[in-house]
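1. based on what follows, work out the 3D shape:
(4 chains)
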There are 2 protein chains.
Amino acid sequence: MDEVDRHLLALLQQDATTPYAALGQAVGLSAGATHDRVRKLRERGVIRRTTVEVDPAALGRGVLAFVMVDSSRWVGDSGDRFAAIPEIQEAHVIAGSASVLVKVRTATTEQLQDVLRRLYAIDGVSGTQATVVLETFFERPVAP
Amino acid sequence: MDEVDRHLLALLQQDATTPYAALGQAVGLSAGATHDRVRKLRERGVIRRTTVEVDPAALGRGVLAFVMVDSSRWVGDSGDRFAAIPEIQEAHVIAGSASVLVKVRTATTEQLQDVLRRLYAIDGVSGTQATVVLETFFERPVAP
DNA sequence: TGATCTGCCGATTTACATTCTGCATAGTGG
DNA sequence: CCACTATGCAGAATGTAAATCGGCAGATCA
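-> Now for the predicted structure:
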């Protein structure tokens, strides 16, 4: 994990379709050596996968909200229960008064309400506090 | 945006390196037709870009926190100020008592504290409330 | 100094993206 | 009811890039 690797990661985050020849030129390596570097980054798990970024609005997911989930019981093993709700994009166990923080994308606020209903159905969930996003400044990859 | 498009998006989110021939087989189309579909999804902006998912821990960003930022002034135009802090991965204007919600990744809690310091330096920011993530259940793409 | 390992280059081979032609279907307007 | 045009797909072509390989140079260690 040297400076070249970090540079490659940054370039790939911007556009993972960039040919190895162009990547190599940017970092001062041949296409073959660049290919090696990226392959090793994948093997080591630094690069988890290659994916496409999809516009949430185009998928009918124009409403974004963060929900603090309170619990009356241990929910540290209930990851699957949260994963079963497809509108939930992220779920984190947190330190503090609430227990779990989830990121939710729905088409409408009515559907958001329905997600809250399904959250309450999870064993141990005793309350929710939803915060609706009015405007997203930015969402970007982790800077290498 | 029919069922085939949604299926293609799901497949590409899983692995954007899948050849068009394989994608086509999965959705019941030829490679050429699949290529057309994906090209149009890109042109329409449904697919924003192709990127790589990087393990935050491998980049020395093992600490994840969400920070509620309170403000005494209008901060709806201060997106650039937040973007100038590289540890901030997301920034959203929210409805509720706080004004902005940011997602922060740092190597240590000391660095998290330093980010809070830089947040306070933004005009109008009057307070912060940080919530540290203990465990991430999952982070996944928006389900098509 | 000799041996081994690592990283890189350059070329080869293979695979895939991309483009093109032609066809079928579904709308559109006379 | 019949041309006319759009659109979407298949199948084959062409081009380009991915993936693989052999060999070399520098580093590390015995």
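
2. can you give me phi and psi for A:Pro19?
-> phi -60, psi 150 (degrees, to the nearest 10).

3. same question, the one 10 residues further on
-> Backbone torsions for A:Leu29, taken as degrees, to the nearest 10, come to phi -130, psi 170.

4. got the domain ranges for chain A?
-> What automatic domain parsing lists as the domains of chain A is A:3-43, A:56-132.

5. could I get those domains as CSV with mean pLDDT?
-> Shown next, in CSV, are the domains of chain A (pLDDT from 0 to 100):
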stretch, mean pLDDT
domain A:3-43, 97
domain A:56-132, 96
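
6. who does A:Leu102 bridge with?
-> Actually, residue A:102 is Val rather than Leu. A:Val67, A:Ala91 (DSSP bridges).

7. ok, residues contacting stretch A:67-85?
-> Residues outside stretch A:67-85 that contact it (Cβ atoms under 8 Å, 6 or more residues apart in numbering or on different chains) are A:88, A:91, A:93, A:97-102, A:104, A:115-116, A:118-119, A:122-131, B:135, B:137-138. Glycine gets a C-beta too; all of them are placed from N, C-alpha and C.

8. from the chain's centroid, how far away is whichever strand in chain A runs longest?
-> Longest strand of chain A, by residue count under DSSP state E: strand A:125-139. From the chain centre to the centre of strand A:125-139 is a distance of 15 Å (Cα atoms, centre = their mean, to the nearest Å).

9. before we move on, back to that, Throw the domains of chain A into a markdown table and include mean neighbour count and distance to DNA strand D, thanks.
-> Shown next, in a markdown table, are the domains of chain A (neighbours: other Cβ atoms under 10 Å in any protein chain shown; distance: least, Cβ to the nearest atom of the strand, whole Å):
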| stretch | mean neighbour count | distance to DNA strand D |
| --- | --- | --- |
| domain A:3-43 | 16 | 4 |
| domain A:56-132 | 17 | 16 |
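
10. out of the ones you listed, flag the one nearest B:Gly60.
-> Nearest of the domains of chain A to B:Gly60, taken as Cβ to Cβ: domain A:3-43 at 10.3 Å.

11. ok now the closest one, how far from the chain's centre?
-> 23 Å.

12. before we move on, what SS does the closest residue to A:Ser97 other than its chain neighbours have?
-> Counting by Cβ to Cβ, 6 or more residues apart in numbering or on different chains, A:Asp70 is the residue found nearest to A:Ser97 once chain neighbours are left out, at 7.4 Å. On the three-state scheme (DSSP: H, G, I helix; E, B strand; the rest coil), A:Asp70 is labelled strand.

13. pairing partners for the longest strand of chain A, with directions?
-> strand A:63-71 (antiparallel), strand B:88-94 (antiparallel).

14. columns distance to DNA strand C on top of those strands, output as TSV?
-> Formatted as TSV, these follow (distance: least, Cβ to the nearest atom of the strand, whole Å):
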stretch	distance to DNA strand C
strand A:63-71	31
strand B:88-94	29
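
15. from A:Val38, how far out is A:Ile31?
-> Not quite, residue A:31 is Ala, not Ile. Taken as Cβ to Cβ, to the nearest Å, the spacing of A:Ala31 relative to A:Val38 amounts to 11 Å.

16. which residues are in contact with each of these two?
-> Joint contacts of A:Ala31 and A:Val38 (Cβ under 8 Å, 6+ apart) are A:Tyr20, A:Leu23.

17. OK, contacts around the residue lying closest to A:His35 once chain neighbours are set aside?
-> In this structure, A:His35 finds its nearest non-sequential neighbour in A:Tyr20, 5.0 Å apart by Cβ to Cβ, 6+ apart. Contacts were defined as Cβ under 8 Å, 6+ apart; by that measure A:Tyr20 touches A:Ala31, A:Gly32, A:Thr34, A:His35, A:Val38.

18. one more: A:Gly127?
-> A:Val69, A:Asp70.

19. kindly recompute the last result at 7 Å.
-> Taking Cβ atoms under 7 Å, 6 or more residues apart in numbering or on different chains, we find A:Gly127 in contact with A:Asp70.

20. who touches A:Val52 in this structure?
-> B:Leu12, B:Gln13, B:Ala16, B:Ile47, B:Thr50.

21. A:Arg105 against A:Glu87, yeah?
-> Yes. Taking contacts as Cβ atoms under 7 Å, A:Arg105 lies within contact range of A:Glu87: 6.0 Å.

22. residues of chain A that sit close to DNA strand C?
-> Residues of chain A found near DNA strand C (Cβ under 7 Å from any atom of the strand) are A:Val4, A:Thr17, A:Gly24, A:Gly28, A:Leu29, A:Ser30, A:Ala31, A:Gly32, A:Ala33, A:Thr34, A:Asp36, A:Arg37.
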